[in-house]
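Q: Mind folding the following:
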Amino acid sequence: MRRHLPFFLLLTALLLIIWDIPFEPTNIIEPYFNNCDDSSFDQSLELSSDPISIPNHLASFCPFCESEPIIKPGQNSEDLPDILKFLSQRGYYKGEITKIYTKEAVDAVKTFQLDNGLSTDGIIGSHTWHVIGQSFATLPTAKAKPDTDNISIFIDLWQRQLTVFANGLPYKVYPVAIGKQKTPSPVGQWKIVSKLYMGGAFGPRFLRLSVPFGNYGIHGTNKPYSIGTLASAGCIRMHNPDILELFSWVKVGTPVTIYDGPYPKASFRKQILQLGSVGSAVYEVQQALKDHGYITFNPDGIYGYGTSNAVKKLQQDHNLAATGMVTGKIYDLLGLYLFD
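A: Numbering: from 1, shown residues only. Down below sits the predicted model:
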């Protein structure tokens, strides 16, 4: 036993050294879901430029995203007024715009289902949502695929528009829906990290973005009437024919800029940030802290102890109370100016 002791000591030392080496994955792994009813994934696929096929119901993939409701006769639904407006514009419905799914509304839905080859059960389910999602398009102004690989995407949240740039010049503009005030779209400079075949509330395609603090992307919708509004949980919605066109043009690695107003590094309202805060504002502050030399890690949009300690150091350097919280004064010191 004594004879083997030096070997065991050497092996233990090597294991301790290896354990302390930080692991940096060389590939980004994309979850694959084996069926629509399973909320867990059973295998992983390496990220590639090839689209990945994923079924409809993706509570695990994007837990904060909104799926389509199933609306049955007699029920109340917040989505029903928009559907009735949609049917009214197409001559199917003449009645009152209401949240109550009345017999008159059911009859209108049944006629719509009949005209589109669906089961005429009056239930607004996934197939009816899908057909509604195919009913809006901006493709009459479709263009050929840009004759260049130098493509980038610019999303203006103020204008609610997505612009494709080819060789640095605007090529085509699409209308989009953006995040609600409580669930804003992630401002910043990102990249497309995967191309996914989707379905349901996400429309036919999903371009996932490199946002480190959540699953965000550019995708289609079965609520086309939401385009042009603040409607999503942070993702960028497009008409389904539009996302199909964009999907065919871009590749993994395509730059995407999400812009929120005409003043760089500025906002009319800056929230107080502290431990546990998550989102674009945190990411922006972390980037500024890194530019000023207060942190060395890559911004991730998650306000942890590293960010808090960096803010405390900034506060101490300017003779401020070291609270670790980001308020108006800290935004000013970082060059993230406030406007009244």
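Q: Now do the contacts for residue 255.
A: Contacts for residue 255 were tallied using Cβ atoms under 8 Å, 6 or more residues apart in numbering; they are 152, 153, 189, 190, 191. The C-beta positions use only the backbone N, C-alpha and C, and glycine is treated the same way.
Q: Who wins on neighbours among the residues you listed?
A: residue 153 (24 neighbours; other Cβ atoms under 10 Å).
Q: Make sure residue 94 is indeed in a strand.
A: No: Residue 94: not assigned to a strand; according to DSSP: H, G, I helix; E, B strand; the rest coil it is coil.
Q: Which residue is the nearest non-sequential neighbour of it?
A: Of all residues not flanking residue 94 in the chain, residue 88 sits nearest, at 7.1 Å (Cβ to Cβ, 6 or more residues apart in numbering).
Q: Any idea which of the contacts of residue 255 the model trusts least?
A: In terms of pLDDT, the lowest of the contacts of residue 255 is residue 189, showing 89.
Q: Three-state assignment for it, please.
A: Assigned by three-state DSSP, the conformation of residue 189 is strand.
Q: I'd assumed residue 254 was in contact with it.
A: No: using Cβ atoms under 8 Å, residue 189 is not in contact with residue 254, being 11.9 Å away.
Q: in the protein, which helix or strand is least confident?
A: strand 29-32 (a mean of 30; mean pLDDT, DSSP states H and E).
Q: ok so, going back, can you tell me which of the contacts of residue 255 is closest to residue 103?
A: Distance to residue 103, by Cβ to Cβ, is smallest for residue 153 among those, at 45.5 Å.
Q: Residue 288 reaches residue 326, doesn't it?
A: No: counting by Cβ under 8 Å, residue 288 stays clear of residue 326, with 9.9 Å between them.
Q: all strands for the stretch 1-150 of the chain, in order.
A: Applying DSSP state E, counting those that start in this stretch to the stretch 1-150 of the chain gives strands spanning 29-32, 43-46, 52-53.
Q: That should have said the stretch 201-340 of the chain, apologies.
A: Assigned by DSSP E, counting those that start in this stretch, the stretch 201-340 of the chain shows strands spanning 205-209, 217-219, 230-232, 236-237, 255-259, 266-267, 337-338.
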